[in-house]
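[1] Take this sequence and fold it.
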Amino acid sequence: MRSLKYNGTMVFDKLTDENIRASYQHEHVVKTYLKHIQNKKVLDAGCWTGTMEKQITSMGIKTNIVGIDENKDALKVATKNFPKFKFERCSLTEPSTEFLTKYSSYFDSIIYLDVIEHIPKGTEVQVMEFFHKVLKPGGVIILSTMLDHPLNFIDPGWFVGHRHYKVKQIEMFLKKSKFKTLELLKIGNLAWDFDLLLLYIYKHVFKKEYKTSNFMFKRILKGLQPPQKTATRIYALAQKKN
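    Presented below is the predicted three-dimensional model:
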């Protein structure tokens, strides 16, 4: 699911894009959409090494999560660190018949956090149609992704295909895959993107571990509340149509 390679040798707490105090975003998602997570059957689509599971565990929230990803090494890390949750290897674009049968109309909610920009271009609707099949009637999808804005280039991944989307594109994907948009927010700020840029510079240029400064972290937190003049993220809550 990720554009960055993972060779199975990294330490969980030092995994590339998980190492920029990314929990601020996961904490925000859990708190904002708690009623769709607590005591629910949740599919974490593109779970990677279990970042969302880590957040839910730290907050003491009871839920039934199934995390899926294509990277078997990342799944091993997730399974080791969070044995109370279930993790399965599954392609978002080509889920197996076995998985579709097993989880047909099973989940109350799907968390699809910062993953859509990593799947092959042109498969966005295809993946959401997969989600439609495994959601219960009235089930919801919680989606986040990068917002297309004039300063996209601050995101270093943008130069190598890390897509940013317009709000109308996300609304179109949801509509075509038979979802009703309940809420769509533009949040985040440039501090989020600058922080990611610094991480890449430290990691690839200086070969050092990067830690978000308290000053930057405070700026990032201000981006969690809409409206934002320089929003950099899209958050959508959409419901399955029968």
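[2] make it CA atoms for all contacts and neighbour counts henceforth
    OK.
[3] ok, now which ones touch Ala231?
    By C-alpha atoms under 8 Å, 6 or more residues apart in numbering, the contact set of Ala231 is Leu147, His149, Lys186, Ile187, Gly188, Asn189, Leu190, Gly223.
[4] contacting residues for the closest residue in space to the second one that isn't next to it in sequence?
    Meaning His149. Closest residue to His149 apart from its sequence neighbours, by C-alpha to C-alpha, 6 or more residues apart in numbering: Thr232 at 7.0 Å. Applying C-alpha under 8 Å, 6+ apart, one finds that Thr232 lies in contact with Met146, Leu147, Asp148, His149, Lys186, Ile187, Gly188, Asn189, Leu190, Trp192, Asp193.
[5] Look up how far Cys47 lies from Thr232.
    Thr232 sits 22 Å away from Cys47, going by C-alpha to C-alpha, to the nearest Å.
[6] so which two of the contacts of Ala231 are the farthest from each other?
    His149 and Gly223 (15.1 Å; C-alpha to C-alpha).
[7] higher neighbour count, the two?
    Shown here are His149 and Gly223; by other C-alpha atoms under 10 Å, Gly223 has more neighbours (22 against 14).
[8] Pretty sure that one sits against Ile187.
    Yes - counting by C-alpha atoms under 8 Å, Gly223 does reach Ile187; the two are 5.9 Å apart.
[9] What residues does the residue nearest in space to the middle of the chain make contact with?
    In the chain, the residue lying closest to the centroid (C-alpha atoms, centre = their mean) is Leu113, at 1.6 Å. Contacts for Leu113 were tallied using C-alpha under 8 Å, 6+ apart; they are Ala45, Gly46, Ile142, Leu143, Ser144, Thr145.
[10] how about the nearest residue to Met216, chain neighbours excluded?
    Using C-alpha to C-alpha, 6+ apart and skipping residues adjacent in sequence, the residue nearest Met216 is Ala191, 6.6 Å away.
[11] who's in contact with that neighbour?
    By C-alpha under 8 Å, 6+ apart, Ala191 lies in contact with Met216, Arg219, Ile220.
[12] So what's the predicted local confidence for the residue lying farthest from the centre of the chain?
    For the chain, the residue at maximal distance from the C-alpha centroid (C-alpha atoms, centre = their mean) is Phe206, at 27.5 Å. Note for Phe206: predicted pLDDT of 90.
[13] Tell me where the chain has helices.
    Ranges of helices in the chain, per DSSP state H, are 23-32, 51-58, 72-81, 97-102, 124-134, 167-176, 190-200, 214-222.
[14] If I look at the residue nearest to Met216, what pLDDT would I see?
    We have a pLDDT of 90 for Ala191.
[15] Then Asn19?
    Per-residue pLDDT puts Asn19 at 40.
[16] just use 30 as the starting number from now, easier for me
    Okay, residue one is now 30; in that scheme the one you just asked about reads as Asn48.
[17] Check the burial of Lys150 by counting its neighbours.
    10.
[18] backbone phi and psi for it, please?
    Main-chain torsions, Lys150, degrees, to the nearest 10: phi -60, psi 130.
[19] which parts of the longest strand along the chain are buried?
    The single longest strand within the chain, with elements called by DSSP state E, is strand 164-175. For strand 164-175, burial by neighbour count (16 or more other C-alpha atoms under 10 Å) applies to Leu164, Lys165, Pro166, Gly168, Val169, Ile170, Ile171, Leu172, Ser173, Thr174, Met175.
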